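Engineer: A structural model of the following input is requested.
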Amino acid sequence: MIEIILLAGLNCAAAPERGNFDAIIAIVNSDIIMESDIQEALLPFFLQEPEVQGEELEKKLAELRQNVIRQLIQEKMMYQEAQRQNIKVQDAHIEGKIKMFESEAGGTEEFEKNLKAQGWTKKRFKKRLKEQTAIRIIFDKEVVGKAIVTPKEIKDFYDQHPEFFKKNEEVYLRKITLRKEENQTEDSFNKTAEEVSSLLRQGEDFSEVAKKYSKDAFAKEGGSVGWIEKGKMLKEIEDIVFSLKQEQTSNPIKINSNYYIFKVEDHRPGYAILFEEAQDKIRMTLEKEKIQDRFSEFIGELLAQSYITVKEK
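Structural biologist: Now for the predicted structure:
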């Protein structure tokens, strides 16, 4: 479904009241878009505290306004196309939706109270809901229904992009981080690293040594980092870690001002993800791309047969 591009956190302190703006901003064939329509679409943002101020706020609001105008033009064209194709939305369907909204709001009275607070009447809300439903139907028919992904396209994508469908080897890693104490000399720090390493060589439990000596967030978990995939670490560390055998511990490795000691507890070899496992994800990816492409194409078709004038400042 087409969506207004929303910029979260970008709003003014107070919302303008509907009805104060009666200027025509755009003409879309036989329909018009009013300033009040734009302000209504922007209302949720006016009710939030802005995250930016000054010129940056003005720029963001201008961008958002243009997105809203474009969105409203697209909606008008799509609704007109739904009418041209004689798409009907049954009143019973709309009444069912209204009852659902009323139930979610805590009853009819609370629902109508919420509508009023946002400047809506129930009658106008039903009309808008009917229009949006018709737009959804035409979108499904002309866009989703024509964005078909074939089994061959899915298989071709899998065969042509093997790099997307391989799982790198992984290791289950523990580590000890040693940081130089304040006023500790370099020689003393080097000696500490060697002493900790010596404890491990003598058979001390890695997790217990990590709890006692390590100075990082993993210390309380016995240095357990968990499963790490190849390609996710600094290369100088990764080369050493992935050269370790299962249950093997590294020598102290000095990087910048810290020492690190690693232990590989387990190892998973890399493997190719089977087509059967990947095909659903591929289908969703290709469908999304095709829907985006088809939507752009559909809007282009509507624009080509429409008369549109934008009377923006």
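Engineer: for G203, helix, strand, or coil?
Structural biologist: coil (DSSP: H, G, I helix; E, B strand; the rest coil).
Engineer: So what's the residue count around it?
Structural biologist: 6 (other Cβ atoms under 10 Å). (Glycine included, C-beta is placed from N, CA and C.)
Engineer: so V89 touches R128, yeah?
Structural biologist: No: using Cβ atoms under 8 Å, V89 makes no contact with R128, being 11.7 Å away.
Engineer: between these two, who's got more neighbours?
Structural biologist: For V89 versus R128, the count of surrounding residues by other Cβ under 10 Å is larger for V89: 17 against 12.
Engineer: Which element, helix or strand, includes that one?
Structural biologist: Per DSSP states H and E, V89 falls between elements, in no helix or strand.
Engineer: Return the distance of it relative to F298.
Structural biologist: 20 Å (Cβ to Cβ, to the nearest Å).
Engineer: Please identify the buried residues of the lowest-mean-pLDDT helix or strand in the chain?
Structural biologist: Among the helices and strands of the chain, helix 35-46 carries the lowest confidence by mean pLDDT, DSSP states H and E, at a mean of 83. Neighbour counts over helix 35-46 (16 or more other Cβ atoms under 10 Å) mark S36, D37, I38, Q39, E40, A41, L42, F45, F46 as buried.
Engineer: repeat for stretch 134-145
Structural biologist: Using 16+ other Cβ under 10 Å as the test for burial, stretch 134-145 gives A134, I135, R136, I137, I138, F139, E142, V143, V144.
Engineer: Closest to E312 out of the buried residues of helix 35-46?
Structural biologist: Ranked by distance to E312 (Cβ to Cβ), these are led by I38 at 9.7 Å.
Engineer: Distance of the closest one relative to T309?
Structural biologist: Distance, I38 to T309, using Cβ to Cβ: 15 Å.
Engineer: same question, A147
Structural biologist: As judged by Cβ to Cβ, A147 and T309 stand 31 Å apart.
Engineer: And for D205?
Structural biologist: Counting by Cβ to Cβ, the gap from D205 to T309 is 77 Å.
Engineer: I'd guessed E40 sits against G119; true?
Structural biologist: Yes: counting by Cβ under 8 Å, E40 does reach G119; the two are 7.0 Å apart.
Engineer: Next, give phi and psi for I32.
Structural biologist: phi -130, psi 150 (degrees, to the nearest 10).
Engineer: So it sits against I38, correct?
Structural biologist: No: using Cβ under 8 Å, I32 is not in contact with I38; the gap is 11.9 Å.
Engineer: pLDDT weak spots in this structure?
Structural biologist: For the chain, the stretches with pLDDT under 70 are 1-21, 47, 49-50, 52, 313.
Engineer: per-domain residue ranges of it.
Structural biologist: For the chain, automatic domain parsing gives the domain ranges 1-84, 152-163+274-288, 169-269.
Engineer: quick one: which of those domains is nearest L115?
Structural biologist: Counting by Cβ to Cβ, L115 lies closest to domain 1-84 out of these; the figure is 12.1 Å.
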